[in-house]
Every structure is written in structure tokens, then in C-alpha cells.
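Asker: Need a 3D model of the sequence below.
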Amino acid sequence: MINLLPPSEKIILSEEKNARLAAILSIAAVACLISLTAILVSINIYLQSQSQSQVIIFEEASKQFRGSELRGLEQEITSLNRSFTSLKEFYASKPYLIADVLEKINKVVPEGIFLDEISFSVSANAEQEKSATTTAQIFLSGLAVKRSLIFDFKRNLEAQSFFDEVYFPPEDWVKPENARFSVKLKIVF
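Answerer: Sure, this is the predicted structure:
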């Protein structure tokens, strides 16, 4: 096709064509920017909702963990309270203190005697009678460097009015050095 238009018209048509092209390109650029903004906003909203849901899931899980942990602690505290109550009742029902007995034994043990076993039991009859006095039996065993220390230990125990019926078996007196010994005695409260 041959263009017979004057050059001024050709320039005007060319400018109009360029203006239309510029308008189309600007509209396309604005549309791209709007769609990119919409995509970024939707991604932002999606990520915020995901993070909020993760926070909610975490809070629920921590509540459940804390709840089960608290239940476990409550059960442990209840169990310990029962144990303490039992111990309190045990010690309240006994007119003696085991620590006092051990202290009195410690005072009469001469140097060179080493105790390795101490057994303490209250006689069943004394608990049933509920009399003014309570009798307990103590069993001690250990090692004495010399036999004479066993004799001193026996004499110290018998000298105390707190200890009663002190008994050393005859085989304790055989060995002169490094002698193993055992003693049974009663205490009256």
C-alpha cells in the first residue's frame, strides 16, 4: 500500500501511534504492578495466617504439656504429702527419737572401735501395752582394734542407765586384735 498523505499528516499519525503505544504500555505496566502488589499482599496474608496457626498450635501443645506436667507434679506432691504424713504419725507415736539413741551410743564408743551395722527395733509388746515405758532392742556390730576396747565399750554401755541387758556373745572375746564383735542391748524410755 502506498501512503499518499502529506508528511505533516504522517508525523501526526506517527505521534498518535506512539501515544497509543505509550498508553498501552503504561496501562500494561500499571496492570503488572497492581497484579504484583496483589500477589505480594496475598502471600503476606497467607504467611501471617500460617504463622498465627503455628502459634496457636504451639500454645495448645504447650498447654497440654504443662497440663500433663502439672498433673504429674500434683500426683508426686500428693504422694510425698502422704509419705510425710506417715512419717509424722510414725514419729508422733514414738516417745523416743532415734537420733538421741544414736547420739548416746556415739558418746560411749571408745576410739579404735568402728561400728558398721546398727539395727533398731521396738518390741511389739511395748507398743501394745502403751505403758509409761517403751522398750527397744538395738543390735550393733563392728570391728575393734584391740579386745580391750570391746571390754571398755561393754563397761561404758553398762555404766549408762539408758542401756539395759547389754550382751556380747562369747566368740567376740577370742581374738586379741582386729576382733569383729556384735552386741545386743535394750533401751527403756
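Asker: Could you break the protein into its assigned domains?
Answerer: 7-93, 98-188 (automatic domain parsing).
Asker: for stretch 71-90, what is the average pLDDT?
Answerer: Per-residue pLDDT values over stretch 71-90 give a mean of 82.
Asker: Can we start the residue count at 810 from this point?
Answerer: Understood, numbering begins at 810; the last thing we discussed is stretch 880-899.
Asker: circling back: for the domains of the chain, state which one has the densest average packing.
Answerer: The highest average neighbour count among these, using mean count of other C-beta atoms under 10 Å, belongs to domain 907-997 at a mean of 14. Placement of C-beta: from N, CA and C, glycine included.
Asker: where do the helices sit along this protein?
Answerer: Residue ranges of the helices in the chain, as given by DSSP state H, are 816-902, 907-917, 933-938, 956-968.
Asker: Where does pLDDT dip in the chain?
Answerer: For the chain, residues meeting the criterion pLDDT under 70 lie at 810, 899-906, 932-943, 998.
Asker: which residue is nearest the middle of it?
Answerer: Leu882 (9.3 Å; C-alpha atoms, centre = their mean).
Asker: distance of that one from Ser888?
Answerer: According to C-beta to C-beta, to the nearest Å, Leu882 and Ser888 sit 11 Å apart.
Asker: could I get the helices of the chain as CSV with distance to Ile947?
Answerer: Shown next, in CSV, are the helices of the chain (distance: least, C-beta to C-beta, whole Å):
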stretch, distance to Ile947
helix 816-902, 18
helix 907-917, 7
helix 933-938, 14
helix 956-968, 10
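Asker: so which of those helices comes closest to Thr944?
Answerer: Closest to Thr944 of the helices of the chain, according to C-beta to C-beta: helix 933-938, at 4.6 Å.
Asker: right, and Leu924 touches Ile947 too?
Answerer: No. Leu924 lies out of contact with Ile947 (C-beta atoms under 8 Å); the separation is 10.9 Å.
Asker: Overlap in contacts, the two.
Answerer: Contact with both Leu924 and Ile947 is made by residues Ile914, according to C-beta atoms under 8 Å, 6 or more residues apart in numbering.
Asker: right, and Ile927 touches Leu949 too?
Answerer: Yes. Under the criterion of C-beta under 8 Å, Ile927 makes contact with Leu949 at 5.7 Å.
Asker: can you list residues touching both of these two?
Answerer: Taking C-beta under 8 Å, 6+ apart as the criterion, Ile927 and Leu949 both touch Ile914.
Asker: Can you give me the distance of Phe977 to Val917?
Answerer: According to C-beta to C-beta, Phe977 stands 14 Å off from Val917.
Asker: same question, Gln861
Answerer: Taken as C-beta to C-beta, the span from Gln861 to Val917 is 75 Å.
Asker: Ser970 versus the nearest residue to Gly951 once chain neighbours are set aside, what's the distance?
Answerer: Leaving aside its chain neighbours, Gly951 sits nearest to Leu924 (4.1 Å; criterion: C-beta to C-beta, 6 or more residues apart in numbering). Noted for Leu924: a distance of 21 Å to Ser970, by C-beta to C-beta.
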